[in-house]
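Participant: 3D model of this:
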Amino acid sequence: MRLLVLGATGRTGREVVRQALATGHDVTAFVRDPAGLAISDARLAVVTGDARNADDLRRAVAGQDAVISALGGRAKDDLLNSLGGKPDGTMRRSFEALIQAADAAGVRRVVVLSTFMLASNFKAGLLRPIAPFFKAMNDDKRVAEEALARSALDWTIVYATRLTDGERSGRERLVPVTEIVTPRNTVSRSDAAAFLLNQLDDAASVRKSLVVTAA
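Facilitator: Numbers count the residues shown, from 1 in each chain. Down below sits the predicted model:
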């Protein structure tokens with residue numbers, strides 16, 4: 001499969017790229033700064049651009065079979081934006097650009113990584129005292145995901161529980177809607193990346209929101 005990975009220089013995005021290459025995909029990594037990728041492979045192409053720019057994304061998505069988005073701002077920037085009280089629109093603008101670019105290129109399959117704080121079965125628990133600080137950031141992501149849900153794309157949104165570093169364990173699992181997830185639930189970035197990749201060929205996950213955890 002020819003796969004475009006957005007947010008490829010993030011910690012989870014890099015893992016998606018590594019695993020996609022290891023399983024035989026031809027990967028295009030869309031990045032702002034190629035120096036942040038630190039991966040080389042004969043089947044890896046790197047395209048530089050701004051994910052909020054539909055023209056940049058059109059160049060990257062042309063000829064692809066599917067897209068995985070691991071887009072997300074840096075934690076420090078996200079928190080500062082949230083403290084300002086208003087979403088900065090980064091995710092909304094990025095998803096709007098992605099929808100336009102994918103439609104123009106005839107690419108339908110899009111798998112998106114998101115935060116479990118937006119899942120319907122999330123309970124803040126220990127995060128409750130600081131949840132207001134994440135409101136603006138999460139509002140931006142929610143608006144972006146609503147735009148994706150309204151699109152004609154074959155989308156899947158994956159809400160990963162608290163991401164950790166660590167080796168691939170293979171213990172990732174789909175959380176049923178009847179099970180509550182809290183900040184105590186975790187999944188490694190490696191396991192989350194594997195889950196994202198597994199959704200590409202899973203017709204049952206099209207136009208659905210899923211929650212993944214390991215513990």
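Participant: residue 166: what's its closest spatial neighbour, skipping adjacent residues?
Facilitator: Among residues not flanking residue 166 along the chain, residue 188 sits closest, at 4.3 Å (CB to CB, 6 or more residues apart in numbering). Using the backbone N, CA and C atoms, a C-beta is placed for each residue, glycine as well.
Participant: tally of neighbours for that neighbour?
Facilitator: For residue 188, the count of nearby residues is 23 (other CB atoms under 10 Å).
Participant: just residue 48 next, same as before
Facilitator: Neighbourhood size, residue 48 [other CB under 10 Å]: 13.
Participant: so what sits opposite it in the bridge?
Facilitator: Residue 48 forms beta bridges with residue 31, as assigned by DSSP bridges.
Participant: least trustworthy helix or strand in the protein by mean pLDDT?
Facilitator: For the chain, counting by mean pLDDT, DSSP states H and E, helix 75-83 ranks last in confidence among helices and strands (a mean of 50).
Participant: continuing past that helix, what's the next helix or strand?
Facilitator: Proceeding N to C from helix 75-83, the next assigned helix or strand is helix 90-105, under DSSP states H and E.
Participant: got the angle for the next helix or strand after that next one vs helix 90-105?
Facilitator: Downstream of helix 90-105, the next assigned helix or strand under DSSP H and E is strand 109-115. Here the directions of strand 109-115 and helix 90-105 differ by 170 degrees (axes from the mean of the first three to the mean of the last three CA atoms, to 10 degrees).
Participant: which other residues reach strand 109-115?
Facilitator: Strand 109-115 has contacts (CB atoms under 8 Å, 6 or more residues apart in numbering) with 7, 12, 65-72, 98, 102, 138, 141, 145, 148, 153-160, 192, 196, 199-200, 206.
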